[in-house]
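Participant: The following comprises the amino acid sequence and a computationally predicted model.
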Amino acid sequence: LVLFLLPLFATAQYHFPNAPTFTPEQLKSDVYFYKEYLENMQPGLYRYSTKEEVDAAFDQIANDITEPMTMMQFCTHVMPLLKVIGNVHTDIYPDADYYNNMNTYLFFPLDVYFYQNELYVLKDLTDEESVPHGSIIKTINGESAADLFHEFSALSTRDGQNTTYPNAWMSNTFYQWYFRIRGEVKNFELEVVSPEGLAHQVTVKAHKEPRRKVVQAERYPYSVTLRPGEDNSLLQLKIEDEYAVLTLKTLDAKFTKERGQNYKAFLKNAFQQIEAAGVEHLILDLRNNGGGKPGPAVDLLSYLNQEPFILYSRVEAVTKSIPKENHYFEKEGKWSPLARLAFKKKGDIYEIKGLAARMSGLKGTKPTKPVKRPYQGELYVLTNPYCGSTTGELTGKLKCLDRVTFIGEESGGSPHTNVSGVTMILLLPNSHLRITLPLILFEVDINFDNEERGVVPDHIIEHPPADIFRNYDTAMEFTKDLILKKSNNSTVSQEP
């Protein structure tokens, strides 16, 4: 694993004009400061890499610092560590000044979508409208666009060895990553292939963020997304003749309440309607559901399980104390007094379960009984890379059901281990990079082997750019066709 990452450490760096630099000694000190806090605070550090591999990766990062670096160069230099750690909630961010000055930077003026090793234009935000959406970008300033994408994506945080989330996240934020890694560029020389298949060259000017937003609002008043035709409701139910579609865009009941929907009441009413309609094929659309809290996941599972179930086989932390609090950004994410009381010392860890878990409000550590009349029909779960955190846990429990079919793209969140909950934001003393440090490990009670990835669908369905532009939901239409074929076959088999 470490040897695989070595080429990333040698990636060419581009200087930002007038940016201050830090000495190699200062930066090496920050590297080992980061390592010390990870080892003392984050559980699950060695879930995907051994201690020897983690130690070697940090040593390699430090040893490769031989010259002064800017903050942004150092940020890029240490980011390969995220792949070794393998926890999507552990991330590395530039200092606060980077975000405070975001509106002053010059960015790449195109939004992109990576599909089958090609970089497509999703939105043309150039002043000249010279690169229409659907075009394929072959090179950017003389570099292969696909190689740039892979280089940037390799630096992204992720759960385990998942690749769908880094690729999806990079598609959404490519213009920012180009700036962070290649520096500020005023003009971009592109080799592109038009939607009609004609190869040509074009030069486009960079945009500042405010200009990008203005052009986007004027030119794309609708949203070009991977979820065609969606409305603003977080929780939705649609019942058709052959199936029902239950869409959950979040597992955060507080958020749904703020948007005018009671999560528990919605689920109760939805499954009452599903039962009354005699639905035998239920499509559960979890795409772009980035997670939330365990409670809503447990509530949903109680309508889908036939027997009592447990969400978490264990919940633990390695510390309840927060050392050197002056090194944290705005003291965010501190332990609550109730959380401190709930975690009890057991050997080298702190464990939460039973009465203490219930008193702290954590659901899922004890058996939960299903509702009196749970749904017993066929279940089709739609997933994509943005199914993360608690939704990743939920996909793990759903996969344990014997009547479920997964459709779409591999979920970005691990179905087995989620390190999240209380999260501190650590400030590295010299460079002032910001590091997210989640403090609680949630291990999901599943009955299948997880190969360090998200749940891989039974039917992998990606979204071709052409389908996105024509507002066609590829995965949903595939699922409807699959149900129709099953229904027709069932009807034929029942005929005398």
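Facilitator: Alright, I've got the coordinates. Numbering: from 1, shown residues only.

Participant: and stretch 417-435, what's its mean pLDDT?
Facilitator: Throughout stretch 417-435, pLDDT has a mean value of 93.

Participant: do stretch 392-403 as well
Facilitator: Mean per-residue pLDDT for stretch 392-403: 97.

Participant: For that stretch, which residues meet the burial criterion?
Facilitator: Buried residues in stretch 392-403, counted by 16 or more other Cβ atoms under 10 Å: 392, 393, 394, 395, 396, 397, 398, 399, 400. No exception for glycine: its C-beta is placed from N, CA and C like everyone else's.

Participant: Equivalent analysis for stretch 119-128, please.
Facilitator: 119, 120, 121, 122, 123, 124, 125, 126.

Participant: Please confirm that residue 139 is located within a strand.
Facilitator: Yes - applying DSSP: H, G, I helix; E, B strand; the rest coil, one finds residue 139 inside a strand.

Participant: quick one: it from residue 194, how far?
Facilitator: Residue 139 sits 15 Å away from residue 194, going by Cβ to Cβ, to the nearest Å.

Participant: What's the local residue count around residue 147?
Facilitator: Using other Cβ atoms under 10 Å, residue 147 has 12 other residues around it.

Participant: mind listing what residue 142 touches?
Facilitator: The contact partners of residue 142, taken as Cβ atoms under 8 Å, 6 or more residues apart in numbering, are residue 189.

Participant: Could I get the CA-only coordinates of the helix or strand residue 439 falls within as PDB?
Facilitator: Residue 439 belongs to strand 434-444 when assigned by DSSP states H and E. Output of strand 434-444 as PDB, limited to C-alpha atoms (Å, rounded to 0.1, in the frame of the first residue of the first chain):
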ATOM      1  CA  ARG A 434      -7.100  22.100   9.300                       C
ATOM      2  CA  ILE A 435      -7.600  18.400  10.000                       C
ATOM      3  CA  THR A 436     -10.900  16.700  10.800                       C
ATOM      4  CA  LEU A 437     -10.500  14.100  13.600                       C
ATOM      5  CA  PRO A 438     -13.600  11.900  14.200                       C
ATOM      6  CA  LEU A 439     -13.600  10.300  17.600                       C
ATOM      7  CA  ILE A 440     -16.200   7.500  17.600                       C
ATOM      8  CA  LEU A 441     -16.100   4.200  15.800                       C
ATOM      9  CA  PHE A 442     -19.400   2.600  14.800                       C
ATOM     10  CA  GLU A 443     -19.100  -1.000  13.700                       C
ATOM     11  CA  VAL A 444     -22.200  -2.300  11.900                       C
END
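
Participant: and that strand, which strands flank it?
Facilitator: strand 92-93 (antiparallel), strand 312-317 (antiparallel), strand 417-427 (antiparallel) (DSSP bridges).

Participant: Include distance to residue 47 when you put those into JSON lines, please.
Facilitator: Formatted as JSON lines, these follow (distance: least, Cβ to Cβ, whole Å):
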{"stretch": "strand 92-93", "distance to residue 47": "18"}
{"stretch": "strand 312-317", "distance to residue 47": "12"}
{"stretch": "strand 417-427", "distance to residue 47": "6"}
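
Participant: So which of these is the most surrounded?
Facilitator: strand 417-427 (a mean of 21; mean count of other Cβ atoms under 10 Å).

Participant: Output that one as CSV, restricted to C-alpha atoms.
Facilitator: Output in CSV follows, covering the C-alpha atoms of strand 417-427 (Å, rounded to 0.1, in the frame of the first residue of the first chain):
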residue,chain,number,x,y,z
THR,A,417,-17.2,0.7,9.8
ASN,A,418,-18.0,4.4,10.2
VAL,A,419,-15.7,6.6,12.2
SER,A,420,-17.6,9.8,12.8
GLY,A,421,-19.8,11.3,15.6
VAL,A,422,-17.9,13.8,17.7
THR,A,423,-15.4,15.4,15.4
MET,A,424,-12.6,17.9,16.3
ILE,A,425,-11.0,20.2,13.8
LEU,A,426,-7.2,20.2,14.5
LEU,A,427,-5.0,23.2,13.5
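
Participant: can you give me the offset of it from its chain's centre?
Facilitator: 15 Å (Cα atoms, centre = their mean, to the nearest Å).

Participant: same question, stretch 149-159
Facilitator: 12 Å.

Participant: export the buried residues of stretch 119-128 to JSON lines and tack on secondary structure?
Facilitator: Shown next, in JSON lines, are those (three-state DSSP):
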{"residue": "119", "secondary structure": "strand"}
{"residue": "120", "secondary structure": "strand"}
{"residue": "121", "secondary structure": "strand"}
{"residue": "122", "secondary structure": "strand"}
{"residue": "123", "secondary structure": "strand"}
{"residue": "124", "secondary structure": "strand"}
{"residue": "125", "secondary structure": "coil"}
{"residue": "126", "secondary structure": "coil"}
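
Participant: In the stretch 251-400 of the chain, what residue spans correspond to strands?
Facilitator: Per DSSP state E, counting those that start in this stretch, the stretch 251-400 of the chain carries strands over the ranges 281-285, 312-317, 344-346, 349-351, 378-383.
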